[in-house]
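*Asks:* Pasted the sequence and its predicted model underneath.
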Number of protein chains: 6
Amino acid sequence: MQTGAKTGPGVAPARKLQSGIVGLDVMLAGGFPEGNVVLILGEPGTGKTILCTQYLHWGALQKDEKGIFFGMNEPKARLMAEMQGLGMNLAKLEGQGKFAYVDATEVRRIPEQTRVGRIPVGGRELGLANLLDLMQEGIDKLSPKRIVVDSISDLVFRFPKLEDRRSAVLDIVESLQSTGATCLLTSELMATGDVRTLQPEEYLAEGVLLLRIVKKGVRTVQVLKMRGSKIDTMPRPFVIRENGLDILAKEEVYP
Amino acid sequence: MQTGAKTGPGVAPARKLQSGIVGLDVMLAGGFPEGNVVLILGEPGTGKTILCTQYLHWGALQKDEKGIFFGMNEPKARLMAEMQGLGMNLAKLEGQGKFAYVDATEVRRIPEQTRVGRIPVGGRELGLANLLDLMQEGIDKLSPKRIVVDSISDLVFRFPKLEDRRSAVLDIVESLQSTGATCLLTSELMATGDVRTLQPEEYLAEGVLLLRIVKKGVRTVQVLKMRGSKIDTMPRPFVIRENGLDILAKEEVYP
Amino acid sequence: MQTGAKTGPGVAPARKLQSGIVGLDVMLAGGFPEGNVVLILGEPGTGKTILCTQYLHWGALQKDEKGIFFGMNEPKARLMAEMQGLGMNLAKLEGQGKFAYVDATEVRRIPEQTRVGRIPVGGRELGLANLLDLMQEGIDKLSPKRIVVDSISDLVFRFPKLEDRRSAVLDIVESLQSTGATCLLTSELMATGDVRTLQPEEYLAEGVLLLRIVKKGVRTVQVLKMRGSKIDTMPRPFVIRENGLDILAKEEVYP
Amino acid sequence: MQTGAKTGPGVAPARKLQSGIVGLDVMLAGGFPEGNVVLILGEPGTGKTILCTQYLHWGALQKDEKGIFFGMNEPKARLMAEMQGLGMNLAKLEGQGKFAYVDATEVRRIPEQTRVGRIPVGGRELGLANLLDLMQEGIDKLSPKRIVVDSISDLVFRFPKLEDRRSAVLDIVESLQSTGATCLLTSELMATGDVRTLQPEEYLAEGVLLLRIVKKGVRTVQVLKMRGSKIDTMPRPFVIRENGLDILAKEEVYP
Amino acid sequence: MQTGAKTGPGVAPARKLQSGIVGLDVMLAGGFPEGNVVLILGEPGTGKTILCTQYLHWGALQKDEKGIFFGMNEPKARLMAEMQGLGMNLAKLEGQGKFAYVDATEVRRIPEQTRVGRIPVGGRELGLANLLDLMQEGIDKLSPKRIVVDSISDLVFRFPKLEDRRSAVLDIVESLQSTGATCLLTSELMATGDVRTLQPEEYLAEGVLLLRIVKKGVRTVQVLKMRGSKIDTMPRPFVIRENGLDILAKEEVYP
Amino acid sequence: MQTGAKTGPGVAPARKLQSGIVGLDVMLAGGFPEGNVVLILGEPGTGKTILCTQYLHWGALQKDEKGIFFGMNEPKARLMAEMQGLGMNLAKLEGQGKFAYVDATEVRRIPEQTRVGRIPVGGRELGLANLLDLMQEGIDKLSPKRIVVDSISDLVFRFPKLEDRRSAVLDIVESLQSTGATCLLTSELMATGDVRTLQPEEYLAEGVLLLRIVKKGVRTVQVLKMRGSKIDTMPRPFVIRENGLDILAKEEVYP
């Protein structure tokens, strides 16, 4: 996995890749720019995982595009059962070679401090290295067009110093950029409210979607950033229905 | 107690388990998804313990479902007396083998730094290990369908570093997930107000209920998250009556 | 002094003990549940000490109930003179054996670091141990039905780490619970404003009264929590008159 | 200088000492309770020093009451010239033995770390001890009825830990209480705005006046606390005129 | 590269250099004062890089003014592809010797701690020194009239102490000032919202543009500061169109 | 340079020194009290340097009063060019012996830790000592009536501990007070917004002007404090025109 490749895949962001979520594709003027690494930043309960799985499922089912899911939050069975409940049969797609789940939950269990031979190595650097290895391996096998990493929070929260966190996120982003695939990366918001500390991943990713819960419990999605694409920047309400996210791309949250 | 079991109980969240609190079951479209680990996050005086006990009491009395209460906040006699005052006879259910109280108050008394043989062990890790052991033991004896842990705050506040706190909560959540039971876990809010720092347990649990006191002293409950279930996400007012929580699932808090 | 006694006094919270402050008893639907440990949390100048002394004075004068005041903020003479000015003759009650003042002001003067034999002991642990000893001694002598500790702030502010503060407060609360008396514990708010950091004593006490000064200088009291009792949770205005607190239990602060 | 004397001066707060500032005496229902230690907490430019000097000047001129000014902020000549410009001839009162200025500005210059014989002593403890000595000396000479310490901020800001700051303020307050005089103590607010962190001196003093600048530059004074006295708790506007503070005790700041 | 040159280029700020972005030149009363170092401070997704590239592109194409881009955020190919999508053919200008890209992405990869001979050198100082060297080298080759550094955040975030960060920014600013070119420097905002911590680069730069996203997703640009120039200080809305930033210099954001 | 002189210059604040900025002199009821040390506290881009230079320029040109500018932010040539653009010919005044610029920019370059003989000396103490020496030297040569120090921020930000910062500011203020000149001292605000942390220099200076940018980009000046003078305390709008600051002393910012 090369970092910062100067030529190669990922440099022509004009073409669009549909997310398959109707309202979101409206907000994105057609979809994600191909090759972009997009951050899905959200509060708990805002459907980050569902959005990402819909993205993979729709691509595989409708476009025959291979997708890979690197799961750090929940084991395969639990994800598949939950998505089954939302009408997505991932097992079938897996059988057809169009979907793969890579279990990366172990990465967050790497002990704080370990030893490689006689050299002490911080668990967090190892955790990051392991994730990058797992990703490379999975990508080599499947050559996916769509990639999801859900989520990077467990990993980056191990780096409390801002400059280290930046660096860790950068490693992940550049690894993903070098694949040429269009990638979604979820991350957890650290606080609720309109005013928030900006997290380094918002600057390093090429696109940012912000998922929040506002007064009266309304869920909203806002496209804050999308390099190489016209976007609708207004926050839009959405609901989680029995078949996934339903984004009301023409409705306003604030009157 | 296995962690992160890939198959087994807890993977079919479609079936619902009634909480027995009428308004809450309305908000949850029938109840908690079976096998979910749900966080009850609330300010002091918002009835977290009452909600959890009603959940166990109703299940045992109306559905013959066994329930276990891991108590870290108050000894058995005090809990039982208080709940008796709210019309719940836990002693009777205990006699029928449908309710068990496990006294885990000692866990928060584990000294800061202790020794296992010649190895120094932080009291906090030991406290966590003790809780997990106590839980496993209690669960093995009763095979409960409903579990309550009230509360995890004493334990997790011992881990001031975010990454350690995440890890401790994860251990508890995965232990509970592996039982297949539907579990409520209480935790204390660290500040009042509409804008709040998000706590790691909100991301790690599969469901989150938020109990707050708003202007003019009105108590509110909001379902922020519930994997595998349609939910009403609006905050709803409730009162604590002589027979427990009364949630006004059709009333709005903000006009 | 046992901690966490499983049976014994304090487990039947149904009976009420009148505070003797008319408006407060209205808000509490008759008074404090017997055996409860109640936190009186307030800003400076909100009458925490007056409220507590009225509680003891009324009980002794009207109900012949013994009361004890553990004073950490001011010496006996100063308290008595001030209360005399509010129409309370504590000296007379003391002469009748119905009131006792225990001077605990020395507790906050325990040096930071001291030595017991050859073992260094932090002044703060010693301060806490001293208070617990003083309390036990006073309680053994008088067997009071009403107890006041005014205030715990000097002691708990010595524990800047949240987990240590929790533990210190827990020691005090459990000591008081084991007496069977109904106890008021004052504590200082750390900031003004509607949004506040929740302090561990709010979770550990069985009841919480919040005394604040709002816009235009209006003083308010709010019952945030009272285990085992129906309560009026709305903040109510009060004034400090020549005979103590006058709570306007039917008036609203916010229109 | 004894601390915490149980009997003696200062225990009969019913008698009032006029401040000599008309509007303030209205807010205080006649003046400061005799023997009280009152904190004058304010933003820069709100006239803390003027208020205190008016208090001393009026007492000496109108009531023949001796007053002493412990100055930590500015040398004698500067204070006297400034007050002369506001119509107060302190030099004349000094000549009559009714006013004394004690220069305590050196206290804030005590080096951070010094040595007493071979024992290292923190400069801050020494600074505090020096102030207490200076105060005792001045008080012994003049036997004042009115005392001003302007300000304690330089001293207490040397104690960044809350518990140490509390202890330092307590030493000053108790020293002043033991004199039987009525004392004003100025302190600096750490931030502007309606919501503020409460400083330990607000709890330890027997009275608190808050001086602030609100929107549109209006200066306001609010009596937050005054043990042993009925008070007007509403914030009132004031202006600094050529003869000192003019408090509009009947006007409201917020409509 | 001299720092703080007392005479020489850059001291006659009266002449203006058009940015080429119509609305911005209106706000700036003609353009940037020649020789100024201007900070472009913005949230993610506000088009900082696009603004800077438009500035270089327009100058080269319309005025035959040489421009250099020091890129720390993305490799050359990625930048060029993205800008191509916005109608800017940088490759052509590069071929004509009117545009140069200097890849400074490696600067942010300098390891935390390295050794020069036997002397340990912090990676951050080295990173800064490397950037200054790269800049000097590039400037010597091209003698540009327009310079962009995009962005300084990776570098300055390595200096968590405010005084070190100031010093690092100062080194960069003075190096750029000594060139006589008109320079844009991008930097990342650390938080959203109307109230913000001021960053040292805002004081050290001679001009500041603030790019934000406000309620409803509207992007705004505000000229906070521009030494030697009349400016329009009101925040103005802008959109990112297929040919770059379109600033609505006559429209108001707040009604 | 003596500190804290008890008699001598600077003790008769009744006389006023016109600032030469018409609106400001209206707000100050004639000008700055002679001998005062006044803090000009402001956000970036609010014209702190222009205000100070106008003060010196006007005094020299209209009143033949000598003025000295201690520059820590920009070298002489840059300042002079910028001010020339605002219609102020400082070079001419310098030639007439009525204006002097002292370059103090080197002070902020003193390395963090240096050695005087064999004694390690913190760079920050050295920086402060150097500034005081430079100031004394300049003052001895010119005997100015008007002094500007622009700005103290680089120096005081080296003292992150509040108590050290206080002490450093105090040294500068007392040095300036002892000269008898009327002095302006600029300092940088650390955050925007109506609510702010109060900085020690606001308490230590005898006057404070606050320069801010409010909603819609309006610049405002507010006189927060001015010992020995009646002031207009309302914030007033101002604009930076081609001939300097124009303060609209009769207009209100908030309707």
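*Replies:* Perfect, thanks for sending it.
*Asks:* how about the strands in the stretch 151-255 of chain A?
*Replies:* Secondary structure of the stretch 151-255 of chain A by DSSP state E, counting those that start in this stretch: the strands cover A:182-188, A:207-214, A:218-226, A:236-241, A:244-247.
*Asks:* can you tell if the second one touches chain E?
*Replies:* Yes - Strand A:207-214 reaches chain E (CB under 8 Å from any CB of the partner chain) through A:V208. (Glycine included, C-beta is placed from N, CA and C.)
*Asks:* Which secondary structure elements does that strand sit against?
*Replies:* strand A:37-42, helix A:48-63, strand A:218-226 (3 or more CB pairs under 8 Å, 6 or more residues apart in numbering or on different chains; DSSP states H and E).
*Asks:* and what of the fourth one?
*Replies:* In this structure, strand A:236-241 makes packing contacts with helix A:22-27, strand A:218-226, strand A:244-247, judged by 3+ CB pairs under 8 Å, 6+ apart.
*Asks:* could you redo the last one with a cut-off of 10 Å?
*Replies:* With contacts taken as 3 or more CB pairs under 10 Å, 6 or more residues apart in numbering or on different chains; DSSP states H and E, strand A:236-241 sits against helix A:22-27, helix A:48-63, strand A:218-226, strand A:244-247.
*Asks:* Name the next helix or strand downstream of the second one, please.
*Replies:* Under the assignment DSSP states H and E, the closest C-terminal helix or strand after helix A:48-63 is strand A:67-71.
*Asks:* Spell out whether the helix or strand immediately after that next one in the chain and chain B are in contact.
*Replies:* Scanning forward in sequence from strand A:67-71 by DSSP H and E, the next helix or strand is helix A:76-84. Yes - residues of helix A:76-84 are located near chain B by CB under 10 Å from any CB of the partner chain, namely A:76-84.
*Asks:* how about the nearest residue to whichever residue of chain A sits closest to chain E, chain neighbours excluded?
*Replies:* Scanning chain A for proximity to chain E using CB to the nearest CB identifies A:K225 as nearest, at 2.6 Å. Closest residue in space to A:K225, ignoring its immediate chain neighbours: E:G45 at 2.6 Å, by CB to CB, 6 or more residues apart in numbering or on different chains.
*Asks:* Verify the contact between that neighbour and E:T192 for me.
*Replies:* No - the pair E:G45 and E:T192 fails to qualify as a contact (CB atoms under 10 Å) at a distance of 11.3 Å.
*Asks:* Spit out the residues that contact those two alike.
*Replies:* A:224, E:213 (CB atoms under 10 Å, 6 or more residues apart in numbering or on different chains).
*Asks:* the more surrounded of the two?
*Replies:* Applying other CB atoms under 10 Å in any protein chain shown to E:G45 and E:T192 shows that E:G45 carries more neighbours, namely 25 against 18.
*Asks:* what's the more buried one in contact with, if anything?
*Replies:* So E:G45 contacts A:202-203, A:205-208, A:210, A:223-227, A:231, A:233, E:211, E:213, E:217, E:219, E:240 (CB under 10 Å, 6+ apart).
*Asks:* Quick check: residues of the stretch 101-250 of chain A near chain B?
*Replies:* That would be A:103, A:105-106, A:108-109, A:112, A:123-124, A:151, A:153-160, A:188-196, A:213-219, A:239-242, which are the residues of the stretch 101-250 of chain A within reach of chain B (CB under 10 Å from any CB).
*Asks:* let's go with 7 Å and repeat that
*Replies:* A:105, A:154, A:157-158, A:188-193, A:213, A:215-217, A:219, A:242 (CB under 7 Å from any CB of the partner chain).
*Asks:* Please identify which two of these are farthest apart in space.
*Replies:* Pairwise distances across those (CB to CB) peak at 36.5 Å, for the pair A:R158 and A:E242.
*Asks:* lowest-pLDDT helix or strand in chain A?
*Replies:* strand A:113-116 (a mean of 48; mean pLDDT, DSSP states H and E).
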